[in-house]
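**Q** build me a structure from this.
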Amino acid sequence: MSKIDLYEVLEVSKDASERDIKKAYKRLAMKYHPDRTKGDKDLETKFKEVKAAYEILSDPQKRAAYDQYGHAAFEQGQGGFGGGGGADFGDIFGDVFGDIFGGGGRRGHAQPQRGADLRYNLELSLEEAVRGKEVELKIPKLSTCDDCHGSGARAGSSAETCGHCHGSGHIQMRQGFFAVQQPCPHCRGRGKVIKDPCRTCHGEGRVERTKTLSVKIPAGVDTGDRIRLSGEGEAGEMGAPAGDLYVQVHVREHKIFARDGNNLYCEVPISFTRAALGGDIEVPTLEGKVKLKVPAETQTGKLLRLRGKGVKSVRTGAVGDLICKVVIETPVNLSERQRELLAELEESMGSGDEAAKYRPKEKGFFDGVRKFFDDLRG
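**A** Modelled structure (predicted):
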């Protein structure tokens, strides 16, 4: 018996929404409907496949079973779909939710569910993220009941076999041609019931409790990094394994530095005289101030690199750089004498081609502007 992927039948992805599945079914059902296919047996078979796939994927419980167990979730029963000659969907239908086509093998009762995973959003400063930190987290969650140790039964007692399903975890309902299996509503598919429940957890095996955890945040973490704490999620049902806790890191924006990977960036304003003449300036790092040499004739926007002054990678141990972007600051609040000195400097540079050697970018820009307008007129 060939196995047919139900999502391929409906031509949708496995993460398709209920709306997308419904739209795909309407489109394909109209395309392959017997009224349109004029007796074509192959297309009639296709129509049956589409209809059968939709009956499962449109039902949240049946879709969940199919997603978890695939075709193994459904067993072939007796007979075929709508008579002979068509695709036999016996291997698709009938699981813990329904054995269609008359019967099918018995399934075991539902297993206790693993505890849910939890997420904790942790906000750090840039300094804390770069250096690492030990933090205390208070996590409200469902924890294993100490009195019954997760069994749900009062001390000295235990769960008993369900009298309705006789321990199978499911019941069968027949409607003519169809035989539908469903989880037993009395034991919720577990096959056992608790007659004398624990007074602390009322038979649930879990209680709400806030746990304090001490978590070491490694140096070098960044926004988007996730720290997994195994077994620190919610307790599982009836002694099943606990889920995990994921600590999601978010690093706050810094007033001076911006981070990109293992490199840090900052803007450093300098005077135009320092930019022209060059010299040493002090710049900040996460470890304190350091000296940075500014070459003579530095232009605004130039990037100056301080190697090894960035962030140490949490994964490789490699250390990034601090990259300083030079921003030349135009002087303000000048005195009359300072204005005179600047005017003398401007005059000393001359004009035209003579001044071009002092301001090559300016000349290049205006030459480009003239050529642009000459081309427009030409």
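
**Q** where are the low-confidence patches of the protein?
**A** Within the chain, the ranges that satisfy pLDDT under 70 run 1-3, 69-111, 174-179, 362-366, 369, 378.

**Q** quick check, central residue of it?
**A** G224 (9.1 Å; Cα atoms, centre = their mean).

**Q** mind listing what it touches?
**A** V249 (Cβ atoms under 8 Å, 6 or more residues apart in numbering). Bear in mind the C-beta positions are built from the backbone N, C-alpha and C, glycine included.

**Q** what do you get for A318?
**A** Counting by Cβ under 8 Å, 6+ apart, A318 has contacts N262, K312.

**Q** now it: phi and psi?
**A** phi -70, psi 140 (degrees, to the nearest 10).

**Q** now P295: how far from L277?
**A** Plainly put, P295 is 10 Å away from L277 if you go by Cβ to Cβ, to the nearest Å.

**Q** ok, now A153?
**A** Taken as Cβ to Cβ, the span from A153 to L277 is 85 Å.

**Q** can you tell me the element P331 falls in?
**A** Using DSSP states H and E, no element contains P331; it sits outside every helix and strand.

**Q** after the host helix or strand of R337, next one along is what?
**A** Per DSSP H and E, R337 falls inside helix 336-348. As assigned by DSSP H and E, the chain's next helix or strand after helix 336-348 is helix 353-356.

**Q** could you give me the buried positions within that next one?
**A** Going by neighbour count (16 or more other Cβ atoms under 10 Å), the buried part of helix 353-356 is A356.

**Q** pull the distance from that helix to the chain's centre.
**A** Helix 353-356 sits 58 Å away from the centroid of its parent chain (Cα atoms, centre = their mean, to the nearest Å).

**Q** try stretch 367-376
**A** Relative to its chain's centre, stretch 367-376 lies at 52 Å (Cα atoms, centre = their mean).

**Q** same check, this time on stretch 258-266
**A** 23 Å.

**Q** export that stretch as CSV, just CAs?
**A** The C-alpha trace of stretch 258-266 is given here as CSV (Å, rounded to 0.1, in the frame of the first residue of the first chain):
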residue,chain,number,x,y,z
ALA,A,258,26.9,50.1,19.1
ARG,A,259,27.7,46.4,18.7
ASP,A,260,27.9,44.4,15.5
GLY,A,261,29.0,40.8,16.1
ASN,A,262,32.2,41.0,18.1
ASN,A,263,33.1,44.5,17.1
LEU,A,264,32.1,47.7,18.9
TYR,A,265,31.5,51.0,17.1
CYS,A,266,31.5,54.6,18.3
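
**Q** so what touches it?
**A** Stretch 258-266 has contacts (Cβ under 8 Å, 6+ apart) with 126, 220, 222, 251, 256-257, 283-284, 286, 309-313, 318-325.

**Q** picking up where we left off before, neighbour count winner among A153 and L277?
**A** Shown here are A153 and L277; by other Cβ atoms under 10 Å, A153 has more neighbours (23 against 12).

**Q** in space, what's closest to the more buried one - neighbours in sequence excluded?
**A** Counting by Cβ to Cβ, 6 or more residues apart in numbering, I194 is the residue found nearest to A153 once chain neighbours are left out, at 5.0 Å.

**Q** how many residues are close by that neighbour?
**A** Using other Cβ under 10 Å: I194 sits among 22 other residues.

**Q** surely it and C162 touch.
**A** No. Using Cβ atoms under 8 Å as the test, I194 is too far from C162 to be in contact (10.3 Å).

**Q** buried ones in stretch 228-236?
**A** Quick answer for stretch 228-236 (16+ other Cβ under 10 Å): L229, E232, G233, E234, A235, G236.

**Q** in TSV, list those along with secondary structure and distance to P60.
**A** Below are those laid out as TSV (DSSP: H, G, I helix; E, B strand; the rest coil; distance: Cβ to Cβ, whole Å):
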residue	secondary structure	distance to P60
L229	strand	31
E232	coil	29
G233	coil	24
E234	coil	22
A235	coil	25
G236	coil	22
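
**Q** how about those in TSV, adding distance to A52?
**A** Compiled in TSV, the buried residues of stretch 228-236 are given as follows (distance: Cβ to Cβ, whole Å):
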residue	distance to A52
L229	44
E232	43
G233	37
E234	37
A235	39
G236	35
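
**Q** which one of those residues sits closest to D5?
**A** G236 (31.1 Å; Cβ to Cβ).

**Q** show me what contacts the closest one?
**A** Counting by Cβ under 8 Å, 6+ apart, G236 has contacts P112, Q113, R114, G115, G150, A242, G243.

**Q** tell me which two in those are the farthest apart.
**A** The widest separation within those (Cβ to Cβ) is 13.9 Å, between G150 and G243.

**Q** can you get me a residue count around L118?
**A** The number of residues near L118, taken as other Cβ under 10 Å, comes to 19.

**Q** oops, could you answer that again for L124 instead?
**A** There are 20 residues near L124, going by other Cβ under 10 Å.

**Q** also S125?
**A** 13.
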